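# Quick check, what structure comes out for this input:
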Amino acid sequence: REENKELIKHSFIALFLRVGGAGIAFLMNIVVARNLGASQAGYFFLAVSITTLISSIGRVGADQTVLRFVGIHAAKNEWAEVHGVMKKMMSWTYLPLLFFTSIICIFAAPISTYIFHKPELQWPLFWTAIIMPFFAGYNVLGMALQGLRKVAFSVTVLKILTPLFLIALVFAFRPKDATYTSVYYAIACILNLLLGYYWWYKSAPKTSAPKNYDTSTLWKSSGPLWLSAIMNQVTIWAGQLIAGIYLNSVDVAQLAVARNITVLITFIMLAVNNVSAPRIASMYQNGEMNKLKNYVRNTTWLMTLVSLPITILVWFFPELIMSLFGKGFTEGYWLLRILALGQFVSVVSGIVGTLLIMSGFEKDLKNIRIFNGVLAIILAFILTPLYGAIGSALSSAIAMALFNLVCVFYVKKRLGFSTLSLLWNFDKTKKDI
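This next block holds a predicted model:
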């Protein structure tokens, strides 16, 4: 009962911030799209997509590893271990990304011209590549704050500050092309990182010396999560990146905007994840399986009830929503509908990825994501040349839905209950618990 009260309290805090974050991200996309127009916005969104994927490679699975180990040690007030985990994982994050940043900056011109067939992509790609270590750093710090159960700080760093700063900079300086917008995006990421560090040192009690945390222990978790994180990003971004090869910048902009709108459907799932991950790890470690089952049932119902009205709104009024972004976007309304269905399947499946990670089944999640990432690439390469932007949206939606349904199967196999069964058999579940 106490755990459920805490769930409701922290979920509403996270939900309030996620609503604010989703609204700010939505506004950021409108501001950028209307300020730049569909063509220049396409270059900016494509550059951000490329560097977001590369930064996930460079983070070596640090996000979820930090979340798990910081959550475990913070619950026991083992602050030397907490700081030891952070010291090691941040160094693992920065070193590879400095290398990747150098490569992308040096070869930005040939990548833009010969791979994506868009010479105007060069400088937006250059500036978004420079910021990759900063982007990765604040993402890891945000997950660490989540492990400390500092929900407000975590959500603010992960979802609010960068788009908020970018909106302010775009309003202040009115950039008219993707290059200057990318420069302001870089500044926004740097400011976010600085605030992330400030909140981390404010929230984590100081210790005389961080523990030299065992590398093999961290790598045992981080290694599978690294490949898993890469393939997860491939599933998310493959459709848009491959569209960048085959389609013009206007189509890429429509896809990016449609994808960013449909993220509104899953913001509740992300809010619940912010609250749930350390609790799931603790309940599983203590063998409290009935409590865990009850907790998952409550979160699945909460997410479904919140996301359903948004899905209905997006499905029935897609042209109106796309028109908010200015000329050249309304034609992409079917992209919005298709991607919305994929996101809704993710929500009703429950927090299955978090369940597998926090229960120690990272390898299962890794295998699912490898299969799904490869499938996303194959589908995008087949469907995009055949059906254009519609094909790209279909490839993303199918891969997204399939990933979550396979995770549902593995949660049932490993933990003994199905998140979908909990959703549709509420009364029976309540009696069992």
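# The helix or strand hosting I104: what's the following helix or strand?
Using DSSP states H and E, I104 sits in helix 79-106. Next helix or strand after helix 79-106 toward the C-terminus (DSSP H and E): helix 108-110.
# how far out from the middle of the chain is that following helix?
Distance, stretch centre to chain centre, for helix 108-110: 27 Å (Cα atoms, centre = their mean, to the nearest Å).
# Give me the buried positions along the helix holding I104.
For helix 79-106, a neighbour-count test (16 or more other Cβ atoms under 10 Å) marks 79, 81-86, 88-90, 92-94, 96-97, 100-101, 104 as buried. Where you see a C-beta, it was placed from the backbone N, CA and C, and this is true even at glycine.
# got it, and stretch 281-295?
By 16+ other Cβ under 10 Å, the buried positions in stretch 281-295 come out as 281-284, 291-295.
# What of stretch 352-362?
Buried residues in stretch 352-362, counted by 16+ other Cβ under 10 Å: 352-359, 361-362.
# In the residues you listed, find the pair that's most separated.
Within these, two members stand farthest from each other by Cβ to Cβ: V352 and E362, at 13.3 Å.
# how many other residues sit next to the closest residue to I111 other than its chain neighbours?
Excluding the flanking residues, the one nearest I111 by Cβ to Cβ, 6 or more residues apart in numbering is L125, at 6.6 Å. Per other Cβ atoms under 10 Å, the neighbour tally for L125 reads 29.
# May I have the residues that are in contact with L125?
47, 50-51, 104, 108, 111-112 (Cβ atoms under 8 Å, 6 or more residues apart in numbering).
# coming back round to it: out of the buried residues of stretch 281-295, which sit inside helices?
Residues of the buried residues of stretch 281-295 located in helices (DSSP state H): 281-284, 291-295.
# mind listing what T93 touches?
Neighbouring residues of T93 by Cβ under 8 Å, 6+ apart: 58-60, 62, 133, 136-137, 140.
# Report the mean per-residue pLDDT for the helix holding I104.
Averaging pLDDT along helix 79-106 gives 90.
# what about it, distance to the chain center?
Computed by Cα atoms, centre = their mean, the chain-centroid distance of helix 79-106 equals 19 Å.
# next one: stretch 65-72
Using Cα atoms, centre = their mean, the distance between the centre of stretch 65-72 and that of its chain works out at 17 Å.
# what do you get for stretch 137-146?
12 Å.
# and if you look at stretch 281-288?
Distance, centroid of stretch 281-288 to centroid of chain: 25 Å (Cα atoms, centre = their mean).
# any idea which helix is longest in the chain?
When the chain is parsed with DSSP H, its longest helix is helix 2-58.
# Now do it and helix 79-106, the angle between them.
Interaxial angle of helix 2-58 relative to helix 79-106 (axes from the mean of the first three to the mean of the last three Cα atoms, to 10 degrees): 40 degrees.
# From V157, how far out is the closest residue in space to A22 that isn't next to it in sequence?
Among residues not flanking A22 along the chain, F267 sits closest, at 4.2 Å (Cβ to Cβ, 6+ apart). Using Cβ to Cβ, to the nearest Å, one gets 16 Å for the distance from F267 to V157.
# quick one: secondary structure of R68?
helix (DSSP: H, G, I helix; E, B strand; the rest coil).
# count of residues packed around it?
Applying other Cβ under 10 Å, we find 25 other residues in the vicinity of R68.
# And for the one 10 residues further on?
By the other Cβ under 10 Å criterion, the neighbourhood of E78 contains 16 residues.
# Distance of it relative to V314?
45 Å.
# Which residues does stretch 378-388 contact?
Stretch 378-388 is contacted from outside by 238-239, 242-243, 246-247, 251, 391-392, 394-396, 398-399, using Cβ under 8 Å, 6+ apart.
# Recalculate using a threshold of 7 Å.
238-239, 242-243, 246-247, 251, 391-392, 394-395, 398-399 (Cβ atoms under 7 Å, 6 or more residues apart in numbering).
# Tabulate the CA atom coordinates of stretch 90-104 in PDB.
Only the C-alpha atoms of stretch 90-104 are listed here, as PDB (Å, rounded to 0.1, in the frame of the first residue of the first chain):
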ATOM      1  CA  MET A  90      31.100   9.300 -17.100                       C
ATOM      2  CA  SER A  91      34.600   8.600 -18.200                       C
ATOM      3  CA  TRP A  92      33.300   5.700 -20.300                       C
ATOM      4  CA  THR A  93      30.900   8.100 -21.900                       C
ATOM      5  CA  TYR A  94      33.100  11.000 -22.700                       C
ATOM      6  CA  LEU A  95      36.200   9.200 -24.200                       C
ATOM      7  CA  PRO A  96      34.500   7.400 -27.100                       C
ATOM      8  CA  LEU A  97      32.300  10.400 -27.900                       C
ATOM      9  CA  LEU A  98      35.300  12.700 -28.300                       C
ATOM     10  CA  PHE A  99      36.600  10.300 -30.900                       C
ATOM     11  CA  PHE A 100      33.300  10.100 -32.700                       C
ATOM     12  CA  THR A 101      32.900  13.900 -32.600                       C
ATOM     13  CA  SER A 102      36.300  14.300 -34.300                       C
ATOM     14  CA  ILE A 103      35.400  11.900 -37.000                       C
ATOM     15  CA  ILE A 104      32.000  13.400 -37.800                       C
END
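# Could you shift the numbering so residue one becomes 236, and keep it that way?
That works, and once the first residue is 236, the last one we named lands at stretch 325-339.
# just the helices in the stretch 436-585 of the chain please.
450-481, 484-520, 524-551, 553-558, 568-584 (DSSP state H, counting those that start in this stretch).
# To I422, which of these lies closest?
Closest among the helices of the stretch 436-585 of the chain, once you apply Cβ to Cβ, is helix 484-520, at 20.5 Å.
# For the closest one, could you pull out the residues that count as buried?
Quick answer for helix 484-520 (16+ other Cβ under 10 Å): 484-519.
# same question for that helix, mean pLDDT?
For helix 484-520, mean pLDDT rounds to 83.
# Show the pLDDT at the closest residue to S653 other than its chain neighbours.
Spatial nearest neighbour of S653, excluding adjacent residues (Cβ to Cβ, 6+ apart): K647 at 4.3 Å. At K647 the predicted local distance difference test score is 88.
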